[in-house]
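> Using only what follows, build the 3D model:
(chains A, B, C and D)
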2 protein chains.
Amino acid sequence: MNKKITLADVAKSLGISKTVVSLVINGKGDHHGISKETQRRVRERIDELNYTPNQLARGFRTGRTHTLGLIVSDISNHFYAQLARYIEDLAWSCGYTLVTCSTDEKIEKEVRQIELLLDRKVDGLIISSSQQSAGMFNRLFEQGKAHVLIDRVFDNMLSPAVSVDNYEGGYQAALHLAAQGAVSPAIFGIGPEHISTLVHRAEGFAAGLRDAGLYIDLQNHFKAPFDGLEEAIAARLEAYHNTHAMPDAIFTLNNNITTFCLKHLQRLGYSVPEQLILMGFDDAAWFAFTRPTVTVVAQPVAVIAERAFSLLMQQISATPSGTQVHEVLPVALIKRLSTARSAPVLAIED
Amino acid sequence: MNKKITLADVAKSLGISKTVVSLVINGKGDHHGISKETQRRVRERIDELNYTPNQLARGFRTGRTHTLGLIVSDISNHFYAQLARYIEDLAWSCGYTLVTCSTDEKIEKEVRQIELLLDRKVDGLIISSSQQSAGMFNRLFEQGKAHVLIDRVFDNMLSPAVSVDNYEGGYQAALHLAAQGAVSPAIFGIGPEHISTLVHRAEGFAAGLRDAGLYIDLQNHFKAPFDGLEEAIAARLEAYHNTHAMPDAIFTLNNNITTFCLKHLQRLGYSVPEQLILMGFDDAAWFAFTRPTVTVVAQPVAVIAERAFSLLMQQISATPSGTQVHEVLPVALIKRLSTARSAPVLAIED
DNA sequence: ATAATTGGTTAAATCGATTTAGGCGATTAT
DNA sequence: ATAATCGCCTAAATCGATTTAACCAATTAT
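As a prediction, the model looks like this:
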């Protein structure tokens, strides 16, 4: 277990000071007037000895770790897994490493994870928060700690944020379902109920229905618990089934809900779109080849990642501008067969 | 931007030495005979000042960062996303943070990521490697660096490893397809071709076919490139289609291949299982509710995570045993409708 | 009565890098 | 001829924790 070569070893082996070696490594050789010849010798010796800097020591000294933190509710959720992948690629291309944490929508867990990451001196955070208010993030903002809120946003937040137009997505969904003949649609949501994305999607949906001359009771729509999601959805559908009260349309508020809804409707013997139409928020690869394929409101995942990363890098490398930045990206309605009530002749895309 | 409270601040504010504060924080107070009263005062003041230790400095000094690294080919692949989630939970419950890196099957990228994580002094690595040989890992092993190979394994490897019985999975798949009437099945694989999991699955499949009196050319089965996977699969299926040479059964070597195969078979108008039967390696939530539902060889993801984590922790907290540990976990054949050639009356599970 | 032990504590070294503040000899400016 | 400048390099401080080696007074052992 040969102990690691240190910068001091390199310096000693060349009979020069650590300063020179450090400067050369960091490309500050010319700027500090280290002779070309010395620089060459240093680099040569570094190769010979196979020296690599201890990043921990470096980060400790400089206060910059080249590490970013990503906080989401569940990294195994397809939407967040994709997001993580995009962000990881962006981070890697800038020399950053990404630490991802799943909160399971537990506020307490989220807070501890953020604190842990801060104690580890990550250079920045990208957060899809489960919290109820902007308090903690406003504090981060005032401390000048680089971070970006994504996906979920807050009233009165100071932090830079990137989200999509959830309200509009819900609105479009409602218009589409109404156009396809839905009369008494149901919303399938998920707890906790303060999550901004879900609230906005539902509100937009209600507004769209209203404009289409329909009504839905926003307060009391179904909200499955985060833990035991599938079981709750199955139970709800069974209850509808047993009481012969199945709605004629369902709008599911995220991809997991859509997935489980479809699975259990199928299990109960319902055929979509003939007996009821269904559409969801969030796209996923498989929604394009299930039978029926599923109509969704899709989020521009790559763009969310790119914008959030860019806003984060701005904070890290420059002093942030004074104005609050909240980028709201457009969503896209992808019509597929699950809502093709009349003539199922829609082409399967790509 | 109030600068962070340090251990020295706490010590000074109490008029005592840093040593005492450090010992108390680390629960070594009793062991070093710090009086109960002093310990109480220290803890109280830490709360008052809201002091939290700089984990970077701590890790720098102790050489233990309480960080683990996970290397996989693509975190957005459902199998790895699930694995990551399980490992993250285990790690978190033991006070560890997880850094995940995606390699895109690029050996060069994998090597750099491992080196980076080592320079960051992660306490251990869990690696699903894309490399060709055990060389780098045998070196890690000899240096005593804690790590576990998962999923993919090597000949002559010294490192602890956890994998599944890929050969047996392939074998069972072949028997099943043969039993369902397949006569000339095709394998849909993916590059690079040295990946042990894929090799073993294909070899087991060939052996199973042989035992069922069938034959397949192992050398020349289809291997799609990792980049552009979907397009390659689509093209291959189209080629079959155009030449009226569609096989009567397809065995897909991982969940992504299965997904894309199904999607494009559907696009080309083939009905499964009537015109051809299909089964894949790896389960995924949606395979249980696509139509048809998909027969798969499922891996025990949670167990893989648990065993790998356990082997890693053993190395970190104790001196590893001398014997090479390679745990091989069983796979499970889940029969669904995509291979139900005769009577599609199989119950949809759960 | 002197030495050894114990209880409670501290000063200083240490981890491996970066950064500050100069040093020294040779050249250029005045 | 003296001072200022320049080119090249170094010693030492520093980041914030942990850990080693002792210290001092009070008690116990011999």
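> Which other helices and strands does whichever helix or strand residue A:171 is part of contact?
Following DSSP states H and E, one finds residue A:171 within helix A:166-179. Other helices and strands packing on helix A:166-179, by 3 or more CB pairs under 8 Å, 6 or more residues apart in numbering or on different chains; DSSP states H and E, are helix A:196-211, strand A:249-252, strand A:277-281, strand A:295-298, strand A:332-334. Heads up, the C-betas are built off the backbone N, CA and C, glycines and all.
> list the buried ones in stretch A:262-274?
A:262, A:263, A:264, A:265, A:266, A:267, A:270, A:272, A:273 (16 or more other CB atoms under 10 Å in any protein chain shown).
> Quick one: the strands in chain A, in order.
Secondary structure of chain A, counting by DSSP state E: strands at A:67-72, A:97-102, A:124-127, A:147-150, A:161-164, A:185-190, A:222-224, A:249-252, A:277-281, A:295-298, A:326-329, A:332-334.
> can you count the residues close to residue A:53?
17 (other CB atoms under 10 Å in any protein chain shown).
> can you tell me which residues contact it?
A:7, A:25, B:119 (CB atoms under 8 Å, 6 or more residues apart in numbering or on different chains).
> Roughly how far does it sit from DNA strand C?
4 Å (CB to the nearest atom of the strand, to the nearest Å).
> how about the residues of the stretch 251-350 of chain A near chain B?
Residues of the stretch 251-350 of chain A found near chain B (CB under 8 Å from any CB of the partner chain) are A:259, A:262-263, A:266-267, A:284-286, A:288-291, A:348.
> Kindly reformat those as JSON lines containing pLDDT.
Compiled in JSON lines, those are given as follows (pLDDT from 0 to 100):
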{"residue": "A:259", "pLDDT": "94"}
{"residue": "A:262", "pLDDT": "93"}
{"residue": "A:263", "pLDDT": "91"}
{"residue": "A:266", "pLDDT": "90"}
{"residue": "A:267", "pLDDT": "89"}
{"residue": "A:284", "pLDDT": "94"}
{"residue": "A:285", "pLDDT": "87"}
{"residue": "A:286", "pLDDT": "91"}
{"residue": "A:288", "pLDDT": "87"}
{"residue": "A:289", "pLDDT": "83"}
{"residue": "A:290", "pLDDT": "87"}
{"residue": "A:291", "pLDDT": "78"}
{"residue": "A:348", "pLDDT": "46"}
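> and the two most separated of those?
A:267 and A:348 (24.0 Å; CB to CB).
> how about the helices and strands packed on helix A:166-179 in TSV, adding distance to residue B:251 and mean pLDDT?
Output for the helices and strands packed on helix A:166-179, formatted as TSV (distance: least, CB to CB, whole Å; pLDDT from 0 to 100):
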stretch	distance to residue B:251	mean pLDDT
helix A:196-211	40	97
strand A:249-252	33	98
strand A:277-281	31	98
strand A:295-298	30	98
strand A:332-334	31	98
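> mind putting those in a markdown table, distance to residue A:156 and mean neighbour count included?
Shown next, in a markdown table, are those (distance: least, CB to CB, whole Å; neighbours: other CB atoms under 10 Å in any protein chain shown):
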| stretch | distance to residue A:156 | mean neighbour count |
| --- | --- | --- |
| helix A:196-211 | 12 | 21 |
| strand A:249-252 | 29 | 28 |
| strand A:277-281 | 25 | 27 |
| strand A:295-298 | 27 | 25 |
| strand A:332-334 | 29 | 15 |
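> So which bits of chain A are right by DNA strand D?
A:15-20, A:32-35, A:37-38, A:60-61 (CB under 7 Å from any atom of the strand).
> Tell me which of those residues fall in helices.
Here DSSP state H is the test, and the residues of chain A next to DNA strand D give A:18, A:19, A:20, A:37, A:38, A:60, A:61 as lying in helices.
> from the residues you listed, which single one is nearest residue B:222?
Among these, and counting by CB to CB, the member closest to residue B:222 is residue A:60, at 50.9 Å.
> how about the closest one, what does it touch?
Contacts of residue A:60 by CB under 8 Å, 6+ apart are B:56, B:57, B:60.
> try 10 Å this time
A:54, A:121, B:54, B:56, B:57, B:58, B:59, B:60, B:61 (CB atoms under 10 Å, 6 or more residues apart in numbering or on different chains).
> out of the buried residues of stretch A:262-274, who's nearest chain B?
Nearest to chain B, judged by CB to the nearest CB, of the buried residues of stretch A:262-274 is residue A:263 at 3.6 Å.
> dump the residue contacts of the closest one.
Contacts here follow CB under 10 Å, 6+ apart; on that basis residue A:263 touches A:230, A:233-234, A:237, A:290, B:285-286, B:288-290, B:293, B:348, B:350.
> ok, 6 Å please
For residue A:263, the contact set (CB atoms under 6 Å, 6 or more residues apart in numbering or on different chains) comprises residue B:289.
> and the gap between residue A:244 and chain B?
22 Å (CB to the nearest CB, to the nearest Å).
> do the same with residue A:31
24 Å.
> Next: residue A:280.
13 Å.
> So chain A: which segments form each domain?
A:7-53, A:65-163+A:301-329, A:166-299+A:333-339 (automatic domain parsing).
> re the thing from before, looking at the contacts of residue A:60, which two lie furthest apart in space?
A:54 and B:54 (16.2 Å).
> returning to what we had before: mind putting the domains of chain A into TSV with distance to residue B:337?
Formatted as TSV, the domains of chain A follow (distance: least, CB to CB, whole Å):
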stretch	distance to residue B:337
domain A:7-53	54
domain A:65-163+A:301-329	23
domain A:166-299+A:333-339	11
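> Pick out the residue of the stretch 151-300 of chain A closest to DNA strand D.
Nearest residue of the stretch 151-300 of chain A to DNA strand D, counting by CB to the nearest atom of the strand: residue A:159, 24.3 Å away.
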